[in-house]
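Asks: Sequence first, predicted coordinates after that:
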Amino acid sequence: PVEIKAEALQEKAEKYLDLLQQKNAAAQADAGLLGRELYDLLIIPIFDHLDPALDVCLIPNKILFHLPFAALISPGGKPFLAEFNIFYAPSANVFLLCTENARKKAAAAEETLLSVGNP
């Protein structure tokens, strides 16, 4: 676990979002530094559990739902998206339901389609 107050994390995330939208070089440099800091807070504590060969599902909460995890900067200077394939789910329940539906569809040996249209 990383100890940070919710208000502090929200402030960092909002500032990062604001900096990413600015077009000047100073703001972009600050965004890079803050992106690295957020990577250290959010990714580094679980980094050893991530496998680059597998997809990473992110289920963010509150302000983190708006945070572009793909743009966070690793210690090597690469964006998170360059290191891992990521996707988002709105909740753990939705993720589990979609995973189960995908397994059922993958098990189907043959699919058929009936299409009806009005010429």
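Replies: On my side now, so go ahead. From a predicted model like this one, the values you see are computed outputs, not experimental measurements.

Asks: Show me the shaky parts of the protein.
Replies: Low-confidence segments of the chain, defined by pLDDT under 70: 108-109.

Asks: quick one, strands of it?
Replies: Listed in chain order, the strands of the chain (DSSP state E) span residues 55-58, 85-88.

Asks: Tell me which of those is the most buried.
Replies: For those, ranked by mean neighbour count under the definition mean count of other C-beta atoms under 10 Å, the leader is strand 55-58 at a mean of 14. (Glycine included, C-beta is placed from N, CA and C.)

Asks: State the distance from the residue nearest to the spatial centre of the chain to V116.
Replies: For the chain, the residue sitting closest to the mean C-alpha position, by C-alpha atoms, centre = their mean, is F69 at 4.3 Å. F69 sits 42 Å away from V116, going by C-beta to C-beta, to the nearest Å.

Asks: can you count the residues close to P45?
Replies: If you count neighbours by other C-beta atoms under 10 Å, P45 ends up with 11.

Asks: same question, F65
Replies: F65 is surrounded by 12 other residues when neighbours are defined as other C-beta under 10 Å.

Asks: which ones are touching the residue nearest to P60 when sequence neighbours are not counted?
Replies: Sequence neighbours aside, L67 is the residue nearest to P60 in space, at 6.5 Å (criterion: C-beta to C-beta, 6 or more residues apart in numbering). Contact criterion C-beta atoms under 8 Å, 6 or more residues apart in numbering gives 13, 16-17, 38, 60 as the residues in contact with L67.

Asks: cool, L58 as well?
Replies: Counting by C-beta under 8 Å, 6+ apart, L58 has contacts 69, 86-89.

Asks: Let's have those residues in TSV, adding distance to V56.
Replies: What follows is the contacts of L58, written out as TSV (distance: C-beta to C-beta, whole Å):
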residue	distance to V56
F69	9
I86	5
F87	8
Y88	10
A89	11
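
Asks: That'll do, ta.
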